[in-house]
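J.: model this:
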Amino acid sequence: MTTPLTPPDTTRGRRGGLREQHKARTRAAIRAAAMELFAQQGYAGTTVEEIAARAEVSHTTFFRYFQSKEQVVIADDLDDQRTAALAAIPPGLGHFDLIRHLITTHYRIAVADEWASSTRRQQLIHDEPLLRTAYQLESDRAISAITDFFAAYTGLRVDDLRLRVFIAAVSGVVFHIADTIVDPTDERNLSTLLEAVDLLESGLPL
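T.: Predicted coordinates for the structure are as follows:
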């Protein structure tokens, strides 16, 4: 007797997809409401309650999507893409070529995202002291994560002085240049960042 075939359950995938779409729409609505209010009454003068009301969500829902008012602006939702990009890096690159690969990949991931590459977002982070502080904390966490990745990739210990000095030098230069970027979508920014890495590799000639 032939066992009847059971059709695949596609409803679970559809439900999961719809949930993700709903989450994305809600996050976008909260961000849009926040940016409208920041433009109207300033960042410091805007409360979480006002953002939630403008986005037509509850105070509880706001904190389900963002840990704080700062994170509405700072978070960019690109961690999964960055993780996938790290996993796809081929083995055997030298440390400067690895840095170039990371800068190029991460820059293009950000540029392709409307929120991450928003000039309004960039200007707000630059102008608001609280956001600059929050952004610096995020940058410090990113540097720590890159250090861990470099250690695993190169086989060096995380506390190896050579690795620490290399990461500190590169990140200092890269973040300094990135801080002057006005239009994140301008491809010339990437060329400048890579040229800075070239100068570091060549011994900082003047």
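
J.: who touches the host helix or strand of residue 84?
T.: Assigned by DSSP states H and E, residue 84 falls within helix 79-87. With Cβ atoms under 8 Å, 6 or more residues apart in numbering as the test, helix 79-87 has contacts from 102, 105, 106, 109, 149. Placement of C-beta: from N, CA and C, glycine included.

J.: buried ones in it?
T.: Residues of helix 79-87 classed as buried: 81, 82, 85, 86 (neighbour count, 16 or more other Cβ atoms under 10 Å).

J.: go on, stretch 21-38?
T.: 26, 27, 30, 31, 33, 34, 35, 37, 38.

J.: Tell me the gap between stretch 111-130 and the middle of its chain.
T.: Its chain's C-alpha centre and that of stretch 111-130 lie 11 Å apart, by Cα atoms, centre = their mean, to the nearest Å.

J.: How about stretch 88-102?
T.: How far stretch 88-102 lies from its chain's middle: 19 Å, per Cα atoms, centre = their mean.

J.: tell me the average confidence for it?
T.: For stretch 88-102, mean pLDDT rounds to 96.

J.: what about it, how long is it end to end?
T.: 11 Å (Cα to Cα, to the nearest Å).

J.: Now it: buried residues?
T.: For stretch 88-102, a neighbour-count test (16+ other Cβ under 10 Å) marks 95, 98, 99, 100, 101, 102 as buried.

J.: okay but the last one is in contact with residue 145, surely?
T.: So the one you mean is residue 102. No - between residue 102 and residue 145 there is no contact under Cβ atoms under 8 Å: 10.9 Å.

J.: any idea how far residue 124 is from residue 38?
T.: 6 Å (Cβ to Cβ, to the nearest Å).

J.: Who are the packing partners of the lengthiest helix in the chain?
T.: Scanning the chain for the longest helix, with DSSP state H as the assignment, gives helix 11-41. Helix 11-41 sits against helix 48-55, helix 59-65, helix 69-74, helix 119-127, with contacts defined as 3 or more Cβ pairs under 8 Å, 6 or more residues apart in numbering; DSSP states H and E.

J.: relative to helix 119-127, how tilted is that helix?
T.: Interaxial angle, helix 11-41 versus helix 119-127 (axes from the mean of the first three to the mean of the last three Cα atoms, to 10 degrees): 60 degrees.

J.: so what's residue 174 up against?
T.: Going by Cβ under 8 Å, 6+ apart, residue 174 touches 103, 193, 196, 197.

J.: With neighbour count and distance to residue 91 added, can I get those in JSON lines?
T.: Below are those laid out as JSON lines (neighbours: other Cβ atoms under 10 Å; distance: Cβ to Cβ, whole Å):
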{"residue": "103", "neighbour count": "18", "distance to residue 91": "19"}
{"residue": "193", "neighbour count": "19", "distance to residue 91": "24"}
{"residue": "196", "neighbour count": "16", "distance to residue 91": "25"}
{"residue": "197", "neighbour count": "18", "distance to residue 91": "20"}
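
J.: Widest-spaced pair of those residues?
T.: Spatial extent of those (Cβ to Cβ) is set by the pair 103 and 196 at 9.2 Å.
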